[in-house]
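**Student:** all I have is the shape, not the residue letters:
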């Protein structure tokens, strides 16, 4: 398993996008609002959560660990 160091800001961004995605899906499945309001809010939050998660995930995946940097520096 590869370890990556994340800043507090990165963790907050990742958590925020997951919350937006979950809230959007929850609104889409909910019956408390009328259909137009529910679909508009749910779709907007779901799309926001999904589209912002992708670049954040790619940034975390491409982030090098300290041991990777040391190995590359030694080579």
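**Tutor:** All right, it came through fine. Quantities reported herein were computed from a predicted structural model and do not represent experimental measurements.

**Student:** just the local confidence number for the residue most central in space within the chain, please.
**Tutor:** With the centre of the chain defined as its mean C-alpha position, the nearest residue by Cα atoms, centre = their mean is residue 53, 3.1 Å away. Here the pLDDT value assigned to residue 53 is 82.

**Student:** repeat that for residue 65.
**Tutor:** For residue 65, the pLDDT comes out at 63.

**Student:** how about residue 68?
**Tutor:** pLDDT for residue 68: 56.

**Student:** contacts only, for the nearest residue to residue 44 once chain neighbours are set aside.
**Tutor:** Among residues not flanking residue 44 along the chain, residue 24 sits closest, at 7.0 Å (Cβ to Cβ, 6 or more residues apart in numbering). Placement of C-beta: from N, CA and C, glycine included. Listed by Cβ atoms under 8 Å, 6 or more residues apart in numbering, the contact set of residue 24 reads 41, 42, 43, 44, 45, 46, 47, 48, 49.

**Student:** just residue 13 next, same as before
**Tutor:** Contacts for residue 13 (Cβ under 8 Å, 6+ apart) come out as 52, 56.

**Student:** mind redoing it with 7 Å?
**Tutor:** When contacts are counted by Cβ atoms under 7 Å, 6 or more residues apart in numbering, residue 13 touches residue 56.
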